[in-house]
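Novice: Coordinates for the following, if possible.
(chains A and B)
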Amino acid sequence: DGGITQSPKYLFRKEGQNVTLSCEQNLNHDAMYWYRQDPGQGLRLIYYSQIVNDFQKGDIAEGYSVSREKKESFPLTVTSAQKNPTAFYLCASSITGGANEKLFFGSGTQLSVL
Amino acid sequence: AQTVTQSQPEMSVQEAETVTLSCTYDTSESDYYLFWYKQPPSRQMILVIRQEAYKQQNATENRFSVNFQKAAKSFSLKISDSQLGDAAMYFCAYRRPRLAGAGSYQLTFGKGTKLSVIP
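Specialist: Residues are numbered from 1 along each chain as shown, chains lettered A, B, ... in the order given. Model prediction:
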């Protein structure tokens, strides 16, 4: 089945540690996105990528980094510079172009600080 | 910058009844897209319905329909014949059109409305 796979489902970070969240899609979508969700809040965009080897900052990119070396993969690294990383992280993808463009979401990763 | 406001943090509805969730947005654009997403306890985001701003006709998807008032910048979601499986967080979202350039793929979300369905 086609879809978006995020791993791990739960992740714990120690102080000063970088952690990487995985996002893989087999939908052949060009665009991929990372969103952060805090309790009682909507989703906020961290980074997005429209094509391989290119990505742009979203509204809250500080303390995060991404790469897009393959069309299928868009990993997110939460660096030690992100002082409040505890949140639910959602990856999404979409076809670019056409009237039926819509986002497909993964099942998310809950990141907590030890 | 675009903003999306959902003024009802929580709502409840009796099973089989109808409920309307409110959403207002602020934009200077004339062409854009609006969405309602559902997030059940599994936390998976599910697209419920979408509306293109240039279309005057309100979108419908089975039991879900919208009341799109462009001049008032209002985009409410009506759920008819509510079912227990409708219980979830509902998020309203706004997206600029593609031709707007960089950032046009970004969605701006409201803070959500938690809907409870009473048996």
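Novice: Buried residues, stretch B:7-18. List them.
Specialist: Along stretch B:7-18, these residues count as buried under the neighbour rule (16 or more other CB atoms under 10 Å in any protein chain shown): B:V13. Where you see a C-beta, it was placed from the backbone N, CA and C, and this is true even at glycine.
Novice: cool, and stretch B:32-45?
Specialist: B:32-39, B:43, B:45.
Novice: so what's the residue of chain A found nearest chain B closest to, chain neighbours aside?
Specialist: Per CB to the nearest CB, A:G42 is where chain A lies closest to chain B, at 3.2 Å. The shortest distance from A:G42 to any non-neighbouring residue, by CB to CB, 6 or more residues apart in numbering or on different chains, is to B:F109 (3.2 Å).
Novice: That neighbour bridge partners, please.
Specialist: B:A93 (DSSP bridges).
Novice: circling back to that earlier point, now for the buried residues of stretch B:32-45, which pair is the farthest apart?
Specialist: B:Y32 and B:R43 (26.6 Å; CB to CB).
Novice: B:E10 contacts B:G112, doesn't it?
Specialist: No - B:E10 lies out of contact with B:G112 (CB atoms under 8 Å); the separation is 9.7 Å.
Novice: B:V48 - nearest residue in space that isn't next to it in sequence?
Specialist: B:W36 (4.4 Å).
Novice: Which residues are in contact with that neighbour?
Specialist: By CB atoms under 8 Å, 6 or more residues apart in numbering or on different chains, B:W36 lies in contact with B:21, B:23, B:47-50, B:64, B:66, B:75, B:77, B:90-93.
Novice: Distance of the most centrally placed residue in chain A relative to B:K114?
Specialist: Centroid-nearest residue in chain A, with CA atoms, centre = their mean: A:W34, separated by 2.8 Å. Computed as CB to CB, to the nearest Å, the A:W34 to B:K114 distance reads 24 Å.
Novice: Where do the strands of the chain begin and end?
Specialist: Since no chain was named, I'll use chain A. A:4-7, A:10-13, A:19-25, A:31-37, A:43-51, A:54-57, A:64-66, A:76-78, A:87-94, A:104-105, A:109-113 (DSSP state E).
Novice: that's the other chain; I wanted chain B
Specialist: B:3-5, B:10-14, B:19-21, B:24-26, B:33-39, B:46-52, B:60-61, B:64-69, B:74-79, B:88-95, B:107-109, B:113-118.
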